[in-house]
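> turn this into a structure:
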Amino acid sequence: MSIRTERVARLLQREIAGLLVTDYAEQLQGMVTVTGTRVTKDLGIVYTYVSVLGDSPALQQASFERLEELQPRIRKSLASRIRHQLKKVPEIRFFLDSTLDQAQRIEDLFEKIRDERSSREHE
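Numbers count the residues shown, from 1 in each chain. Just a heads-up that it's a prediction; the model follows:
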């Protein structure tokens with residue numbers, strides 16, 4: 001990525017995250033966090049990776065689907081926030097980032113291994 005696309009990606013991540021917290025939090029069922037963004041070379045598309053914290057996978061999926069439904073409104077709100085920094089507002093594409101869930105699963109496996117080892121040592 002070039003320096004320009006990295007700067008634009010950081011700007012968009014900050015602004016989209018701000019919008020989700022201030023304007024759209026009540027419309028989303030779980031807590032949505034923007035974990036990363038990537039912008040195409042022509043700055044036409046921003047790939048936005050989000051993590052949805054919720055009680056169940058079904059709730060997380062419902063919240064993510066609602067986020068995708070709100071995408072045109074989020075883009076319009078984003079346009080008003082960054083109109084002086086970019087000529088054209090990129091199309092937003094959301095992707096569910098499951099790295100936190102994967103990290104938790106790995107941590108649970110390590111904990112299970114530690115427990116098994118300690119139980120074997122005490123035998």
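> taking the mean pLDDT, what do you get for the top helix by length along the chain?
The longest helix of the chain (DSSP state H) is helix 99-121. Helix 99-121 shows a mean pLDDT of 81.
> which outside residues touch it?
35, 51, 53 (CB atoms under 8 Å, 6 or more residues apart in numbering). (C-beta placed from N, C-alpha, C; glycine too.)
> which among those residues count as buried?
Buried subset of the contacts of helix 99-121 (neighbour count, 16 or more other CB atoms under 10 Å): 35, 51.
> ok now the longest helix of the chain, how far from the chain's centre?
Distance of helix 99-121 from its chain centroid, counting by CA atoms, centre = their mean, to the nearest Å, is 26 Å.
> so which of the contacts of helix 99-121 comes closest to S63?
S63 lies nearest to L53 out of the contacts of helix 99-121, by CB to CB, at 9.0 Å.
> all strands of this structure, in order?
31-39, 45-53, 91-96 (DSSP state E).
> what's the second one packed up against?
Using 3 or more CB pairs under 8 Å, 6 or more residues apart in numbering; DSSP states H and E as the contact criterion, the neighbours of strand 45-53 among helices and strands are helix 3-22, strand 31-39, helix 57-69, strand 91-96, helix 99-121.
> hmm, 7 Å instead?
Strand 45-53 sits against strand 31-39, helix 57-69, strand 91-96, with contacts defined as 3 or more CB pairs under 7 Å, 6 or more residues apart in numbering; DSSP states H and E.
> worst average pLDDT in the ones you listed?
When the helices and strands packed on strand 45-53 are compared by mean pLDDT, helix 57-69 comes last with a mean of 87.
> that helix to strand 31-39, inter-axis angle?
Orientation check (axes from the mean of the first three to the mean of the last three CA atoms, to 10 degrees): helix 57-69 against strand 31-39 gives 50 degrees.
> can you give me how far helix 57-69 is from the chain middle?
Relative to its chain's centre, helix 57-69 lies at 12 Å (CA atoms, centre = their mean).
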